[in-house]
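>>> could you look at this predicted model? Sequence included:
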Amino acid sequence: MKISRRVFLQLLGATGVLAGGGSRIWAIPDEWREKLRSGPRLETWKMSVCGQCPAGCGIRVRLIDDIPVRILGNPIAPVNKGFICPMGEAGLELLYHPDRIRSPLRRKGKKGEPGWESVSWDDVLKQIAQALRETGKAKEPGRVGILMGDKNTLLTQLAGEFASRSGSSHFFPWRTPSVNELGFWQGGLAFPPLAFDLTRTDYLVTFGTNLLEEPLSPVYFNRIYGGLKEKRARTGLKMVHVDARMSQAGRNATEWVQIRPGSMGVFALGLAYVILRDNIYDQDFISRHTQDFREGSDDFQTLVTRDYSPEHVSEVTGVPAQTILRLAREFSSAKAPLALAGGTMAASETELFTQWGVASLNALAGSFTAEGLWRDPAPVPWDPIPVSAFSPRSGAFSRKPEYALGSDLPASWMAENLPALAEAGKLPDLETLLIAHVNPVFQASNQKAWRDWLSRIPLVVQFATIIDDTSAYADLVLPLTTYLEQWDLTLPTPNLPFSQLGLQQPVVTPMSGARPLGDILLSLGREVGVDLLPGSSGNSYEEFVEARMQQIFASGKGTPFFEAVSLEFLEDLRKRGWQVYSYPAFADFRRLLREKGGWWDPGEYPAVDWKRKKTFRFPTTSRLATLLQESPVPRPERDGDTKDKTPNLWLEEGIRRPDGPNSFFLVPFTSLMNMSGDGASQPLLQEMFGLYSRLYWHTWAEMHPERAKRLALRDGDLIRVVSENGQMTLPVKIVPTVSTEILSVPFGQGHTESGRHAKKIGANPVALLDHHTDPLSGRNSWNSTLVRVEKINR
Amino acid sequence: MEQASAKPHPDAALLRPIENPGRSFYYIVGALLVIIAYTGYVYFRQLWFGLGVTGMAQPVTWGFYIINFVFFIGISHAGTLISAILRMSKAEWRRPITRMAEVITAIVLAIGGLHPIIDLGRPDRIMHIFYNGRLQSPLLWDVASITAYFTASTIYLYIPLIPDIAVLRDRGVKPRWLYEFLSWGWQGTERQHKVLDRAMNILMVMVIPIAVSVHTIISYIFAMTVQPGWHSTIFGPYFVVGAIFSGIAAILVLMIVFRKVFRLEGYLKHIHFNYLSILLLIMSLIWFYFTFSEYLTGYYGHEPTEMRVFWYKFSGDFAPYFWAMIICNFALPVAILCNSKTRTIPGILIASISVVIGMWMERLIIVVPSLANPRLPYPTGIYIPSHTEWMLFLGGISVFILGYMIFARFFPVISIWEIEEGRHESARIVTERIDSYMPDPEPSAAGE
Amino acid sequence: MKWGMVIDLQKCTGCGECAAACKTENNVAIVEKKESEMGRTMLWMDMLTIYEGKYPRLRVRQIPRPCMHCDHPPCTKVCPVRATYINEEGIVAQIYPQCIGCRYCMAACPYTVKSFNWYKPEWPPGMAQTTNPDVSVRPVGVVEKCTFCVHLLQKAKEQAKFEARDLREGDFQPACADSCPTGAIVFGDLENRDHRVNHLAHSPRATKLLEDLGTEPKVIYLKEVD
Ligand SMILES: Nc1nc2c(c(=O)[nH]1)N[C@H]1C(S)=C(S)[C@@H](COP(=O)(O)OP(=O)(O)OC[C@H]3O[C@@H](n4cnc5c(=O)[nH]c(N)nc54)[C@H](O)[C@@H]3O)O[C@H]1N2
Ligand code: SF4
Ligand code: SF4
Ligand code: SF4
Ligand code: SF4
Ligand code: SF4
């Protein structure tokens, strides 16, 4: 064959084009193509509120030609002042998640197995309404339950309303208790617990409390911590973190005190012992505003001086007696000492006891009288919202106007233990359970009990954005919109010293097929004859939100968020009866809220007025005994239990210790990049998860170098972690930031579902936990499981 | 194949592989082509998907391709440089060796020179080197010096090949047009010989500094950074020594193979191996001396970043390779070559293969550990070469063997005319030379 | 004019928001699990962790690490095609369409800050449309790193020009500085005595990473003293 030069060149060219068109190297990236096609590039900004965690940060979304390209902080939102956290940053990955459910699904196979068929919204809503009506009428009431992850928004209220109005008292909000919640509960102080102004303390002790990586609110607290860290170089402010693991809270403290998991309460009372012995406590406050400090023989002082000598405490906690003495003296001699307890890391079998002890420590050391340190949260100016409570005595759930401090328990404490309550006969067999915003089969430490319990309930309806671990035990899954496609109002953040309502509004048109949970509940309500939107025929949750906004408007209190002005100036304005904005009509108010992102009551909550009614109740032997007797969940039986043991020592006896070179406490910890496990669905967060460990998209086990050396482990070696509940294989990360007794494993990975980015990535340490509960609060423990570690030879 | 000429040539053994290649030639070529075709496919995949198909990552951003680049270029020093040195020093025993050595250079240089391109993330943008080239970058120096070396050594291979091509042309070996064209009208006249000699002399002188510069500059790629383990003033000579060292080992291996395959016992005698292996022994000692100085100064300096790399090699992840390198490059060859009883052909073969492997490991040990141990507290990097990289390594070796076989199929691997010249002239030249350095006879004695 | 950054480690809590903000602002691709295990994760802003001392004196230093924008950059010196260079304002920039992907600059950077696109960067389906149109998406086979958010500088300059005024301090804040909740990252002109970075850079706490190498980083850290 003769090929002319020209033909040859043409052929060459054609080959080039072919190779160029096909090869990834030569091709124009798709993203550029998409951009090249795009429109006039109009930039717009929309205000809303982040919904990735309950902290309620104001966000500002940048849209180009109506496509959101980045989420930033709303600079005038008081809680976050323009900043967000990595989870907030990843929001668009949730919005555009490729595995979002696009139509209602009905189970095809048996529970626990995959297999769904698409069904229409009409059919599925009818089916649920039918079930609700039948269970409501035909059988005894209370066979319907709603389990709902409480994102601290108005939506929880709507769901609670829906439950009680349709005749069920079984509304189970699922929420991590805020800091101090358990302690203040028993101390009879306040609920939600008193807020505190971290900037006012000169001596901070955190008992496992990791404000920087847990809700609520990491952005706020990182910001405040930054300020405290800067200040302490000048003022000598001390920040002590007591924990078995040096979390971000420990890394940013001035001192980290290693402690045996579960023994923090003993430690707190050990400090109290020194303070009492040295007579350096706030006698004035104690005599005026406390109960049970010194009354006969059943009082706090007797309890502490009898059982918590530094030597004994040192033996139980592993903290040197020297340190106990020093910290106690430093703490009580500080002007504004502040001890905080609570959070995931502190959830142990002695959680409530610990928090109560820490609250007592604050009372002793004069924290409560330090100027402006503690604040009384002012209620939002709208109709009070009923709360969900659980009575340990009767075992009944109820919704009531207000908590009775100290008697009933917040229902949210019980949410994780519903299967155990059902087992113990404290909860009737449910016929229908609606689940939203929570993934108990992944998050709960008693996962097997959850799987079994959900399998037994005839109709489990799950509302979800992405099929998750719990979906396998649901009969129907209804697709929800994300927080970027719906209306809501986020409520004031507990613990924070000011009030704020964030307005969540759709940033983009909702994905077709998915619906906002609010709208679904409203229309379900209509179906079963419950009108949750009086005066309107629609089923739009937006109207429900608007009704609340109108109440705020009508109250005349507060103002939409505004650009920074000094508080003095603001006070001046207020005195003259002026406002930053003028909004004669509700429409103006509403427009301002949408533009500015929310409402707040400027300034901070007032300092706690102890003269008005506030009294702190110290723990005593008999109170602890009563609590133990009324334990909401079956109390564990121990070998050699003797009736004459005082309850505090009985609790102390339950603190485990590793019993051999292979034995460790398994301590799961949460990460700012993932929190309750939801972050795993988003690739950015999967990557950020490994920011500190450099093990991205992974679960690892942190071990102290000394222990690793004894087990002949090198960084990155694989180990098998074995508990009574199972085992998992993890790479070991050798770091000095854990105590020698613990093996610390990040929580958040190990999903069986939750989308392509989460599925089968890493492992879930919570699945290994023994089902230990705090008998006083009924909450599950994260800190008391012993595991065995075996090296895997590769 | 038809015998072109009936007259038996005195160096018929050298012509045999060309005039009568035999079957096994085709089998081996076939096998090599299969490997090369597969390598081509693997490389195409790399082009298609990107360098992700390799085992490189952050911080070990350079791997096999750069290692093999340094290694192959090192081997290439076997040829032209050694041949030029031997020619210049008028070592008579060079005659059967030079051609073989020069061919190595030309082929290996072509392969080695391609490696940086294989290593590029964007080979399609190679022309940027010309429009946007920055002369300040050592990589550009490399481009220049390798191009120069390749040009010079191909010419240097070709020119002394012309008289032999003429022999083949005259014997009517096919394809005639090839020999006709390449022999450039060589008739073996006095004048032609003179021109040839002159050309050779000029090239000889040119090639030595170019060759030295090539490997010096390759070492500069590393030495011009501030990275621990790389930033060293002795890197230039260290690399040149290593290159010559591995080059000699490669020639020895090749000589032994050809001797066996083409039955060249009559040409490649024990003496050649003896001389070359003593050279190898000397290079081994020099190499060790450099290695020793490099690490001892590093150790005494005890800079933390330097020590992180040092321990990584001495007792860390790379210790097996490091100590294997010491054995391959020093302990084993010295042990074998010091002793005239073990300095036999099999002994030399073992020592040479060991050096080739050892020098490859040296390149590995220079490239990877410095990258794997960054200065800042990052975790130590890992590098596990992928199937693609192994295939390209194997493919490179296959191309070399194929290239060499094809060369040997068409041209004599031992210079016929130089051997012939040796037969006729050596004795006279050597006598004259010896005379030139012997003390002149006493005039009185002469007078007697 | 010399743009520079001061990171106050006494303020920084190591929250990691700067790293996340940098990724979303600059379209830095997410590297999936298998690749990340090989060490191919791309973080223009990384986090270094240094453990000092032993418990009870253990201190953990967390150091956010962008590109140092060295004033004597070892990386630009070795680039064969000027795909990385230092501009008049001191920013060490990358020219993606010119980079041949030799990775010499990566090998030469003593801070190990550069990332390479081993594969074509991919976004999960649907996410590609949310990339920032102001920042080019990198093709396969080129090196990338922190650019000091030079696209925002460009925008700020355009805005200033439009308003017929000079660039003011704060007009140009890179994404990391802008999103740091503690205000630990301060950005500005190191040569302008009115800019905060100029003062901070002369603080007695000021220090630079690997200062002895003479690379003259324009990212300056303020040491943690307590
Ligand atoms: N202007 C001027 N020039 C001079 C001289 C002079 O007096 N004035 N003196 C001349 C003389 S006498 C000499 S000897 C030369 C010296 O000149 P050089 O040989 O350049 O010696 P140095 O500059 O001392 O150091 C060389 C490099 O080695 C590095 N280095 C240090 N330890 C090690 C190690 O363990 N391993 C490796 N690989 N590298 C290491 C150092 O970082 C340094 O960059 O300079 C000559 N040049
Ligand atoms: S703290 Fe919570 S609400 Fe705030 S940005 Fe992060 S995830 Fe969103
Ligand atoms: S965002 Fe600020 S506080 Fe957080 S890690 Fe970065 S520099 Fe530190
Ligand atoms: S830090 Fe590295 S990449 Fe950045 S300018 Fe310096 S040498 Fe170049
Ligand atoms: S990888 Fe690109 S930027 Fe880096 S040196 Fe090579 S060509 Fe220059
Ligand atoms: S300056 Fe910009 S590119 Fe550099 S780390 Fe900060 S956000 Fe990333």
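Arrived safely. Numbers count the residues shown, from 1 in each chain, chains lettered A, B, ... in the order given. Ligands and ions are numbered 1, 2, ... in the order given.
>>> any figure for the gap between the spatially most central residue of chain C and ligand 2?
Residue closest to the average C-alpha location in chain C (Cα atoms, centre = their mean): residue C:66, at 3.2 Å. Distance, residue C:66 to ligand 2, using Cβ to the nearest ligand atom, to the nearest Å: 22 Å. C-beta coordinates here come from the backbone N, C-alpha and C atoms, glycine included.
>>> any idea which element the residue in chain C that chain B sits nearest to lies in?
Closest residue of chain C to chain B, Cβ to the nearest Cβ: residue C:101 (2.0 Å). Taking DSSP states H and E as the definition, one finds residue C:101 inside no helix or strand.
>>> contact partners for it?
B:51, B:120-122, B:125, C:116, C:141-143 (Cβ atoms under 8 Å, 6 or more residues apart in numbering or on different chains).
>>> which of these has the most neighbours?
Comparing these on neighbour count, residue B:51 comes out first with 29 neighbours (neighbours: other Cβ atoms under 10 Å in any protein chain shown).
>>> residues in contact with whatever residue of the stretch 151-300 of chain B ends up closest to chain C?
Nearest residue of the stretch 151-300 of chain B to chain C (Cβ to the nearest Cβ) works out as residue B:225 at 4.2 Å. Neighbour list for residue B:225: B:231, C:74, C:78, C:107-108 [criterion: Cβ under 8 Å, 6+ apart].
>>> farthest from the middle of chain C: give me that residue.
No residue in chain C sits farther from the centre than residue C:56, which is 33.9 Å out by Cα atoms, centre = their mean.
>>> from ligand 2, how far out is that residue?
Distance, residue C:56 to ligand 2, by Cβ to the nearest ligand atom: 32 Å.
>>> next one, pLDDT for that residue please.
Residue C:56 is assigned 92 on the pLDDT scale.
>>> over to residue A:632?
With respect to pLDDT, residue A:632 scores 85.
>>> checking it next. Helix, strand or coil?
Three-state call for residue A:632 (DSSP: H, G, I helix; E, B strand; the rest coil): coil.
>>> tell me the SS of the residue nearest to residue B:92 when sequence neighbours are not counted?
Of all residues not flanking residue B:92 in the chain, residue B:426 sits nearest, at 5.3 Å (Cβ to Cβ, 6 or more residues apart in numbering or on different chains). Under three-state DSSP, the three-state class of residue B:426 is helix.
>>> ok, residue C:61 next?
Under the three-state scheme (three-state DSSP), residue C:61 adopts strand.
>>> from ligand 3, how far out is it?
Per Cβ to the nearest ligand atom, residue C:61 is found 12 Å from ligand 3.
>>> tally of neighbours for that residue?
By other Cβ under 10 Å, 17 other residues sit near residue C:61.
>>> next, the contact list for the residue farthest from the centre of chain C, please.
By Cβ under 8 Å, 6+ apart, residue C:56 lies in contact with A:255-258, A:323.
>>> filter these down to the ones in strands?
Counting by DSSP state E, the contacts of residue C:56 place A:255-258 in strands.
>>> taking those residues together, which two end up most distant?
The distance between the two most remote of those (Cβ to Cβ) is 10.6 Å, for A:255 and A:258.
>>> who has more neighbours out of the two?
Between residue A:255 and residue A:258, counted using other Cβ under 10 Å, residue A:258 has the larger neighbour count: 25 against 19.
>>> Three-state assignment for the residue of the stretch 251-400 of chain B found nearest ligand 5, please.
Proximity of the stretch 251-400 of chain B to ligand 5 (Cβ to the nearest ligand atom) peaks at residue B:371, 14.1 Å away. Assigned with three-state DSSP, residue B:371 falls in the helix class.
>>> so it touches residue B:58, yeah?
No - applying Cβ atoms under 8 Å as the test, residue B:371 and residue B:58 come out as separate, 9.2 Å apart.
>>> which residues do the two both contact?
Common contact partners of residue B:371 and residue B:58 (Cβ under 8 Å, 6+ apart): residue B:381.
>>> neighbours around the nearest residue to residue A:248 once chain neighbours are set aside, how many?
The shortest distance from residue A:248 to any non-neighbouring residue, by Cβ to Cβ, 6+ apart, is to residue A:212 (4.2 Å). Residues lying near residue A:212 (other Cβ under 10 Å) number 23.
>>> cool, and residue A:417?
Neighbour tally, residue A:417, other Cβ under 10 Å: 29.
>>> surely it is in contact with residue A:633?
Yes - counting by Cβ under 8 Å, residue A:417 touches residue A:633, with 5.5 Å between them.
>>> could you list the low-confidence segments of the stretch 451-600 of chain A?
Residue ranges of the stretch 451-600 of chain A with pLDDT under 70: A:564-567, A:570, A:577.
>>> can you check chain B too?
B:1-8, B:443-448.
>>> and with 80 instead?
Within chain B, the ranges that satisfy pLDDT under 80 run B:1-21, B:78, B:81, B:92, B:174, B:422-427, B:429-430, B:433, B:437-438, B:440-448.
>>> quick one: the residue of the stretch 251-400 of chain B closest to ligand 5 from residue C:108, how far?
11 Å (Cβ to Cβ, to the nearest Å).
>>> any shared contact partners between those two?
Common contacts of residue B:371 and residue C:108 (Cβ under 8 Å, 6+ apart): residue B:227.
>>> which ones are touching the residue in chain C that ligand 2 sits nearest to?
Among all residues of chain C, residue C:17 sits closest to ligand 2, at 8.7 Å; criterion: Cβ to the nearest ligand atom. Residue C:17 makes contact with A:83-86, A:89, A:219, A:222, C:179-181, according to Cβ under 8 Å, 6+ apart.
>>> again, only this time at 10 Å
Residue C:17 makes contact with A:73, A:83-89, A:218-219, A:222, A:672, A:688, C:45, C:64, C:175-176, C:179-182, according to Cβ atoms under 10 Å, 6 or more residues apart in numbering or on different chains.
>>> which of those residues are close to ligand 6?
The residues of the contacts of residue C:17 that also fall near ligand 6, by Cβ under 6 Å from any ligand atom, are C:45, C:175-176.
>>> if we can go back for a sec, what is the lowest-pLDDT residue among the contacts of residue B:225?
Lowest confidence among those: residue B:231, with 92.
>>> now the helix ranked longest in chain C: mean pLDDT?
When chain C is parsed with DSSP state H, its longest helix is helix C:150-162. Across helix C:150-162, pLDDT averages out at 93.
>>> widest-spaced pair of the contacts of residue C:101?
Across the contacts of residue C:101, the longest distance by Cβ to Cβ is 14.7 Å; it joins B:125 and C:116.
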